[in-house]
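*Asks:* Predicted coordinates and the sequence they were generated for:
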Amino acid sequence: MKQPFDEKRIWSLSLLFSVVINLVLVVVISIYWLSFHYFPTLEEEPVIIELMEIPAPEQPASKAPLQEAEVAELSPIPEVEDKKAELPPEVESEIASEMQQKKEEVKIAKPPVDLPPAENIIGKAAPSGARDFNPGEEIDVPEDMTWQGVEAETTIKGKLEEAGTSTRLSHLAQEGLKKVESTVGETLATGELSPPTSGVEKRSPFTKRPIAVIVENAPAARPQSGLSKADIVYEILTEGGITRFLAIFHSEPAENVGPVRSARPYFVLKAAENDAIFVHSGGSVEAFTYLEMLAVDHIDEMKNFQPFWRTQDRRPPHNLYTSVASLRQEAQRLGYNKPIRAGGFLVGDLGNPGGDNAPRIEISYATDYKVEFVYLPDKNVYRRLVNGAPHVDAAGGQAIQCSTIIVQIAEHKVKDEEGRLEIRFVGEGSGWVFRDGKVAPLRWKKDDLRDKTRFYLTTGEELKINPGKVWIEVVDTRTRVVF
């Protein structure tokens with residue numbers, strides 16, 4: 001008879017067998033693990049423990065003997081007997097000639113400068129009215145003036161690096177480099193002589209570039225700064241019946257110029273005519289289009305803010321100022337300084353163009369923009385007035401005067417709802433010139449945007465001005481001009 005299947009006993013035996021097997025595995029694994037951690041082999045690297053040494057209160061004296069540093073001794077230069085007296089006179093003369101020739105060969109080449117062509121410049125003048133030179137004369141430039149330009153800096157530095165152990169070449173290169181660095185901010189072209197404010201007999205046909213700054217003329221901006229130092233000043237209408245100035249600086253520096261305002265396209269045209277560096281604070285879309293189209297170098301306060309500052313005595317936007325020196329430094333940094341051919345107006349006698357005496361000129365732009373010029377016979381200049389009061393420069397209180405006044409009549413047209421103007425400067429037109437207390441009618445002509453405006457008398461002869469400053473008043477065909 002079969003015994004009944006004892007299921008409980010089977011499960012108990014299975015559990016016991018599993019426990020025994022697990023205990024055996026745990027013991028084996030434990031022994032194996034302990035053999036590696038508590039009984040290291042001989043190849044195992046020892047544990048390194050770093051101890052911090054606590055310094056003693058007093059530094060113990062060193063028992064090592066002191067050793068003096070070895071100093072190289074310079075042996076005296078052996079005396080060389082003077083054998084000069086033993087040389088024959090003809091040999092001594094030959095050696096002296098050879099040494100002099102080698103000294104003359106040690107020279108630094110003058111830097112190559114790409115100057116504009118010097119043709120058709122006879123009888124021209126700087127913007128200040130100074131005559132270039134007499135026809136047919138040669139210009140002798142002193143030798144020491146050939147280094148007055150940063151164009152030589154690259155050549156000088158290159159020679160300095162090439163000098164090597166040559167003491168003479170190194171000295172010459174260092175001296176030339178000092179001269180170049182001293183001209184930074186007032187860069188002159190190679191061979192240029194600084195332009196004077198009065199007529200001279202001869203002068204270099206190349207000069208530094210003028211700087212043209214937009215200056216505000218709103219009542220809150222008066223009196224302006226720097227206008228008395230400008231060689232040429234354009235006064236042109238903008239939107240709203242107000243006028244602004246384009247002051248062109250060439251012969252005189254101005255420590256304060258402003259308030260500086262935004263650009264308009266016709267100011268860009270006038271700056272391009274004078275090959276000037278255009279300075280402004282922002283501008284209209286058309287102005288930036290003209291700047292790009294005509295490739296005019298310009299300094300925008302919105303982008304190049306370094307040469308500008310704001311004063312505390314006026315509210316924005318009527319308190320933005322700059323200086324000619326800081327603008328020239330910024331132009332140097334931007335690579336705008338380059339030699340240009342001196343341009344400007346012809347200087348000389350007006351001839352006999354006819355006309356009447358005109359001791360006073362009145363131009364009515366708008367209600368708050370009534371301009372007057374009064375002739376001063378003793379000085380042969382015109383004093384400028386605004387709304388019946390003398391127009392003075394805020395920088396020093398100097399009265400604003402000029403030697404020649406040109407009134408250029410050009411058609412004005414309002415082009416949009418904001419009152420922006422379109423002024424026709426390309427083509428031909430009329431106007432007047434005032435100098436020596438007299439007035440003469442003239443014609444102006446500009447063939448295209450890149451051409452310079454030329455002024456002619458009714459006789460067909462090109463206009464000549466007096467040496468000195470020039471104010472150009474641009475008026476509409478409906479502007480009231482009385483003289």
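*Replies:* It's in.
*Asks:* and the next element down the chain from the host helix or strand of R328?
*Replies:* Following DSSP states H and E, one finds R328 within helix 324-334. Sequence-wise, the next helix or strand downstream of helix 324-334 (DSSP H and E) is strand 340-341.
*Asks:* Give me the domain ranges for the protein.
*Replies:* Using automatic domain parsing, the domain ranges for the chain come out as 149-181, 346-482.
*Asks:* TSV please, covering those domains and showing mean pLDDT.
*Replies:* Output for the domains of the chain, formatted as TSV (pLDDT from 0 to 100):
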stretch	mean pLDDT
domain 149-181	51
domain 346-482	90
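*Asks:* rewinding a little: give me the buried stretch members for the helix holding R328, please.
*Replies:* If you call a residue buried by 16 or more other CB atoms under 10 Å, then helix 324-334 has these buried ones: V324, S326, L327, R328, Q329, E330, A331, Q332. (C-beta placed from N, C-alpha, C; glycine too.)
*Asks:* model confidence over that helix, on average?
*Replies:* Taken as a whole, helix 324-334 has an average pLDDT of 94.
*Asks:* rewinding a little: between the domains of the chain, which one is nearest to I277?
*Replies:* Across those, the minimum distance to I277, taken as CB to CB, is reached by domain 149-181, at 15.5 Å.
*Asks:* who's in contact with the closest residue to G419 other than its chain neighbours?
*Replies:* Once flanking residues are discounted, G419 sits nearest to E239: 3.6 Å by CB to CB, 6 or more residues apart in numbering. The contact partners of E239, taken as CB atoms under 8 Å, 6 or more residues apart in numbering, are E418, G419, R420, L421.
*Asks:* Against F278, how distant is the last one?
*Replies:* Which is L421. Per CB to CB, to the nearest Å, L421 is found 19 Å from F278.
*Asks:* Between these two, point out the one with more neighbours.
*Replies:* F278 (27 against 19; other CB atoms under 10 Å).
*Asks:* Per-residue pLDDT of the more buried one, please?
*Replies:* On pLDDT, F278 comes in at 97.
*Asks:* so K464 bridges to which residues?
*Replies:* L346 (DSSP bridges).
*Asks:* Okay, it and D378: tell me how far apart.
*Replies:* Distance from K464 to D378, by CB to CB: 23 Å.
*Asks:* Please say which of those two ends up with more neighbours.
*Replies:* Higher neighbour count among K464 and D378: K464, with 20 against 5, using other CB under 10 Å.
*Asks:* what's near enough to touch A212?
*Replies:* Applying CB under 8 Å, 6+ apart, the residues contacting A212 are L246, A247, I248, F249, F267, K270, A271, N274, A276, I277, F278, V279.
*Asks:* Return the subset of those lying in helices.
*Replies:* F267, K270, A271 (DSSP state H).
*Asks:* Share the number of residues neighbouring V439, please.
*Replies:* V439: 21 neighbours (other CB under 10 Å).
*Asks:* Work out for me the element it sits within.
*Replies:* strand 438-446.
*Asks:* returning to what we had before: what helices or strands is the helix holding R328 leaning on?
*Replies:* Applying 3 or more CB pairs under 8 Å, 6 or more residues apart in numbering; DSSP states H and E, we find helix 324-334 packed against strand 211-216, strand 277-280, strand 298-300.
*Asks:* Not counting sequence-adjacent ones, nearest residue to S326?
*Replies:* P307 (3.7 Å).
*Asks:* The one you found - how many residues pack around it?
*Replies:* Using other CB under 10 Å, the number of residues around P307 comes to 22.
*Asks:* Contacts only, for it.
*Replies:* Neighbours of P307 in contact, by CB under 8 Å, 6+ apart: I299, T322, S323, S326, L327, Q329, E330.
*Asks:* repeat that with 10 Å
*Replies:* The contact partners of P307, taken as CB atoms under 10 Å, 6 or more residues apart in numbering, are 257, 260, 279, 299, 301, 321-331, 333.
*Asks:* what does R480 give?
*Replies:* E362, I363, S364, Y365, K370.
*Asks:* farthest-separated two in these?
*Replies:* Distance extremes for those: the farthest pair is E362 and Y365 at 10.8 Å, using CB to CB.
*Asks:* got the residue ranges for the strands in the stretch 301-450 of the chain?
*Replies:* Shown for the stretch 301-450 of the chain, the strands assigned by DSSP state E, counting those that start in this stretch span residues 308-310, 320-322, 340-341, 346-347, 360-366, 369-376, 381-386, 389-390, 401-402, 404-409, 412-414, 421-423, 427-435, 438-446.
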